[in-house]
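>>> Give the three-dimensional model of this entry:
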Amino acid sequence: MRCSLLRAVAGGAHQGVNVGNGESLDRISTVRWTRARLMAAAMAALTALYAAILAPSQNASAAAFVPITGAGSTWSYNAINVWTQDVSQFGMKINYQPVGSASGRQEFAGGTADWAASEIPYGVEDGSSPNLPPSRGFTYVPDTAGAVTFMYNLHIGGQQVTSLRLSGAVVAGIFTNKITQWNDPKIAADNPGLTLPAEAIVPVVRTDSSGSTWHFTQWMNSTQGSSWSTYCAVVGISPCAPTTGYPVQAGTSMVGQQGDLGVSGYVAQGAAEGAIGYTEYSYALETGFPVAKVLNAAGYYTAPTPGHVGVSLLDAQIDQNPNDPLYQTADLSPVYTDPDPRTYELSYYSYAIVPTDLTPLMTTAKGDTLAAFGQYMLCRGQLSLGSLGYAPLPINLVEAGYAQLTRIPGASLPTSASAFIASCENPTFSADGTNTLASTDPMPSACDRQGGPLLCSTPVSTTTTLTASPNPAAVSQIVTLTATETAADGTIQAGSVQFEFGGFMVGNTDIGSPVPVNASGTATTTVTFDVTGELDVSAMFTPTDTTDYSPSTGGIRESVQLSGTAGAEPLFVSVPVTGSFSVTVAAGTINLAFSGSQATGELNTITVSDSRNTFPGWSVSGQEADFAGSGTASGSTIPGNQLGWVPLGFSSSGSGFILGAPVVPAGPGLGKTAAVLASAPTGSGFGTTTLSANLTLVPGEARPGDYTGALTVTAVAAPP
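Below is the predicted model of the structure:
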């Protein structure tokens, strides 16, 4: 029997959920507000003005677009989340849920999603899930490029190691439990001059269905076949092939986690000394932890920089056989053997899976919106990827993506690939189709060549100090800018300084040509300003010896005023503390549906609205009480720790919130200790943030029957 309960209580709202006969679970969740205050808010909004980015042939207005839904990859979510917010200025409403590649493919196949994102195409998953192609027409469009990277937590004498290098054989040895100590001679051979500690290696792997795992094991199967086949035999994979869920070998120090957040969150813990896990680079960047350089076929240890990943994927071969089940997907084996010294072998990209017909709920209006979003994704959307830890797609993948976008019903795009490329603001090529990436991405240092020293001399830092005289200055008055350069080792280095100025009323502008630094370490120039206001002035020092010394930048703010003798009238304003903080919870009963030995569902939507102009931050957390049985289960309980979650979130108008780490059922679960669903640190979190979570309950040996529990969700608003 299934019960749906919803009650209103003072100080909160409830969401109902029950467990019934091993098939469904309804639960009553109480939202309690702790220290939540109503604050006043008056937020000054600064609207960014964008140039039109859609191709002339689209000429779309906000009214022309209709909402579309997508679901899938968590690996590419950081990029997709930025894009969906960016295109809202054009009236596009793109709803995307990062439920994982496998679930995204299922939702697209079932018609509940208009498009999906996945690192794994249909028809190639391992035997644990058939992953059959859907009956609806579909094709693949490249969306984000990135790499399998190896984030690690390692210290020598209390100092964090940031220069680790690993060969393919060593990577395979670590993740098949054949290399178990950091001071193993094989690791030492990759890192000459680095005395690694005698401590255990803790490999951290993805146990959920993951594109990262698929590409990692595909690379191992192709380049380290002996190690992978031996491991297959140990963990019982037969036939031995790439897999989407990494098998954890019992009795070893290997740790399994769900999601990129789970892996990166585990490795980044202070107690996780010696841990190394594979994850998308953007998640390592978010934690501030280093990733290893990996040896390539050319004999160089390379990092997964955006340029190196882009250069690597120029060798990705697109399957052009329409009769092949993997039609329009990539063969990455040429990347593994690419002789270019810049290659990062574990580079790959994610797919947007888009429809090619109007079944089951597709329309031409949706198709037009999806194609326009796809054009933004392939072009201007690639401009921001480097800062997020991804790599802009190279021209070969953009051209392949355009060809597939034209197959979407209702698509309105440039009529030729050359016209599409000419209008495409992608940073890897020019408007005439010239591949600029291949010529601009730098070669690796000679220090990164196999057999060479781990570190050539580490560049000595420099400092540049800038002064301006007079400051403030009058319009058209001659201002002398003086940059003084010093090096951390006390030397004065040869080089040049490029002066620049900018501000709210003017763009960044070079002030003349670079000025050589004199024997005293200074460079001087003069300038006049023809506008008033507060102008940012900077001096960028570039040393002649860029191997041993690093560049640096110094800056000041120059106040430019109208000349004359008129008196000044001071102005004063006191900005009050204004705005409000509120949290609302969508009503409705949560049903957790059983599949095998566990039940899953999704937390009702929690909307956090913060318009306080002090931006003090906030936090939302949850804790599960024990489930109490009724009916045939009367007197029986299910511990609250048996419930876990994977937080989800989307900010439609805010910024800066951080999702909490996934909580694994019974490890430790949500019962004894509250877990953070999401938080916003001081200075962020303003606007509207929508939160949810994928829920998983593992009831264990509970007696069949109905159970009810209470998940307390606490919203904490920091004081102003």
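
>>> Skipping its backbone neighbours, what lies nearest residue 418 in space?
In space, and not counting its chain neighbours, residue 418 is closest to residue 433: 6.7 Å by CB to CB, 6 or more residues apart in numbering. Backbone N, C-alpha and C define where each C-beta goes, glycine included.

>>> likewise residue 497?
residue 523 (4.0 Å).

>>> can you check residue 233 too?
residue 240 (7.4 Å).

>>> And for the one you found, the neighbour number?
By other CB atoms under 10 Å, 16 other residues sit near residue 240.

>>> Could you do residue 717 as well?
For residue 717, using other CB under 10 Å, the count is 26.

>>> Double-check it against residue 580; I have them as touching.
No: here residue 717 does not reach residue 580: they are 9.6 Å apart, not a contact under CB atoms under 8 Å.

>>> Where does the residue nearest to residue 497 sit, in terms of helix or strand?
In the assignment (DSSP states H and E), residue 523 maps to strand 522-527.

>>> what's the following helix or strand after that strand?
For strand 522-527, the following helix or strand on the C-terminal side (DSSP H and E) is strand 533-543.

>>> Show me what that next one is packed against.
strand 462-469, strand 479-487, strand 495-503, strand 552-561 (3 or more CB pairs under 8 Å, 6 or more residues apart in numbering; DSSP states H and E).

>>> for those, which one sits closest to residue 386?
strand 552-561 (19.0 Å; CB to CB).

>>> Show me what the helix or strand following that closest one pairs with in its sheet, parallel or antiparallel.
Going down the chain from strand 552-561, the next helix or strand is strand 581-585, by DSSP H and E. As defined by DSSP bridges, the strand partners of strand 581-585 come to strand 606-610 (antiparallel).

>>> Tell me the gap between the strand it pairs with and the middle of its chain.
22 Å (CA atoms, centre = their mean, to the nearest Å).

>>> Same question for stretch 402-418.
28 Å.

>>> Which positions in it come out as buried?
402, 404-409, 411-414, 417 (16 or more other CB atoms under 10 Å).

>>> returning to what we had before: next, the angle strand 533-543 makes with the strand holding residue 523.
140 degrees (axes from the mean of the first three to the mean of the last three CA atoms, to 10 degrees).

>>> what sits against residue 617?
679-685, 718 (CB atoms under 8 Å, 6 or more residues apart in numbering).

>>> which one of these sits closest to residue 699?
residue 679 (29.6 Å).

>>> Residue 421 belongs to a helix?
Yes: counting by DSSP: H, G, I helix; E, B strand; the rest coil, residue 421 is found in a helix.

>>> contacting residues for it?
Residue 421 makes contact with 395, 398-399, 402, 429, 431, 433, according to CB under 8 Å, 6+ apart.

>>> Need the contacts of residue 617 in TSV (columns: distance to residue 386).
Shown next, in TSV, are the contacts of residue 617 (distance: CB to CB, whole Å):
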residue	distance to residue 386
679	27
680	25
681	24
682	27
683	24
684	22
685	25
718	33
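
>>> I figured residue 75 hits residue 263, correct?
No: using CB under 8 Å, residue 75 makes no contact with residue 263, being 11.2 Å away.

>>> which residues touch the lengthiest helix in the chain?
Secondary structure of the chain per DSSP state H: the longest helix is helix 364-378. With contacts defined as CB under 8 Å, 6+ apart, helix 364-378 is touched by 53-55, 58, 60, 64-68, 83, 86-87, 90, 92, 94, 114-115, 141-143, 352, 354-355, 358, 393, 398, 401-402, 405-406, 408-413, 420, 424, 426.

>>> Return the subset of these lying in strands.
With strands defined by DSSP state E, the entries of the contacts of helix 364-378 inside them are 68, 94, 115, 141-143, 352, 354-355.

>>> Could you measure from the residue nearest to the spatial centre of the chain over to residue 260?
Among the residues of the chain, residue 78 comes closest to the average C-alpha position under CA atoms, centre = their mean, at 3.5 Å. Noted for residue 78: a distance of 9 Å to residue 260, by CB to CB, to the nearest Å.

>>> go on, residue 551?
33 Å.

>>> Of the two, give the one with the bigger neighbour count.
When neighbours are counted by other CB under 10 Å, residue 551 and residue 260 differ, and residue 260 comes out ahead with 28 against 15.

>>> any idea of the mean pLDDT for the helix or strand containing that one?
In this structure, residue 260 sits in helix 259-267 according to DSSP H and E. If you average the pLDDT over helix 259-267, you get 92.

>>> who does it touch, helix- and strand-wise?
strand 138-152, strand 202-206, strand 255-257, strand 275-280, helix 281-287, strand 643-651.

>>> weakest of those by average pLDDT?
helix 281-287 (a mean of 84).

>>> what residues does that one touch?
Contact partners of helix 281-287, identified using CB under 8 Å, 6+ apart, comprise 78-79, 146-147, 149, 151, 260-261, 263-265, 267-268, 290-291, 304, 388-390.

>>> Pass me the low-pLDDT residue ranges in the chain, would you?
1-63, 125-130, 452-458, 502-508, 547-548, 562-570, 652-655 (pLDDT under 70).

>>> end to end, how far does stretch 96-106 reach?
14 Å (CA to CA, to the nearest Å).

>>> and it, how far from the chain's centre?
16 Å.

>>> and the end-to-end length of stretch 705-718?
For stretch 705-718, the end-to-end distance is 42 Å (CA to CA).

>>> Pull out the buried residues from it.
705-718.

>>> Quick check: closest non-adjacent residue to residue 273.
residue 153 (5.9 Å).

>>> so what's residue 389 up against?
Per CB under 8 Å, 6+ apart, neighbours of residue 389: 78, 146, 280-286.

>>> Distance to residue 203 added to those residues, as TSV?
Below are these laid out as TSV (distance: CB to CB, whole Å):
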residue	distance to residue 203
78	24
146	21
280	17
281	18
282	21
283	17
284	16
285	21
286	21
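
>>> and the residues you listed, which two are the farthest apart?
Farthest pair in the contacts of residue 389, by CB to CB: 146 and 286, 13.5 Å.

>>> wait, doesn't residue 497 sit right on residue 513?
No: at 10.4 Å, residue 497 does not count as touching residue 513 under the criterion of CB under 8 Å.

>>> which one of these two has more residues nearby?
Using other CB under 10 Å, the more surrounded residue of residue 497 and residue 513 is residue 497, with 27 against 9.

>>> what's near enough to touch the more buried one?
464, 483, 485, 514-515, 517, 523, 539-542.

>>> Closest one to residue 590 out of those, please.
Nearest to residue 590 among the contacts of residue 497, with distances taken as CB to CB, is residue 540, at 55.2 Å.

>>> Show me what that closest one is bridged to.
residue 498, residue 553.

>>> ok, now residue 697?
residue 599, residue 643.

>>> hang on, the earlier thing: so for residue 146 and residue 286, which sits in the more crowded spot?
Between residue 146 and residue 286, residue 146 has the larger neighbour count (other CB under 10 Å), namely 31 against 17.

>>> re earlier: can you add distance to residue 373 and give the helices and strands packed on helix 259-267 back as JSON lines?
Formatted as JSON lines, the helices and strands packed on helix 259-267 follow (distance: least, CB to CB, whole Å):
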{"stretch": "strand 138-152", "distance to residue 373": "10"}
{"stretch": "strand 202-206", "distance to residue 373": "28"}
{"stretch": "strand 255-257", "distance to residue 373": "31"}
{"stretch": "strand 275-280", "distance to residue 373": "22"}
{"stretch": "helix 281-287", "distance to residue 373": "20"}
{"stretch": "strand 643-651", "distance to residue 373": "16"}
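
>>> out of the ones you listed, which comes closest to residue 609?
strand 643-651 (11.2 Å).

>>> which other helices and strands contact the closest one?
Looks like strand 643-651 contacts helix 259-267, strand 658-659, strand 675-680, strand 687-697 (3+ CB pairs under 8 Å, 6+ apart).

>>> what separates that strand from the chain centre, distance-wise?
With CA atoms, centre = their mean, you get 15 Å for strand 643-651.

>>> still on that earlier bit, for the helices and strands packed on strand 643-651, which one ends up most surrounded?
helix 259-267 (a mean of 25; mean count of other CB atoms under 10 Å).
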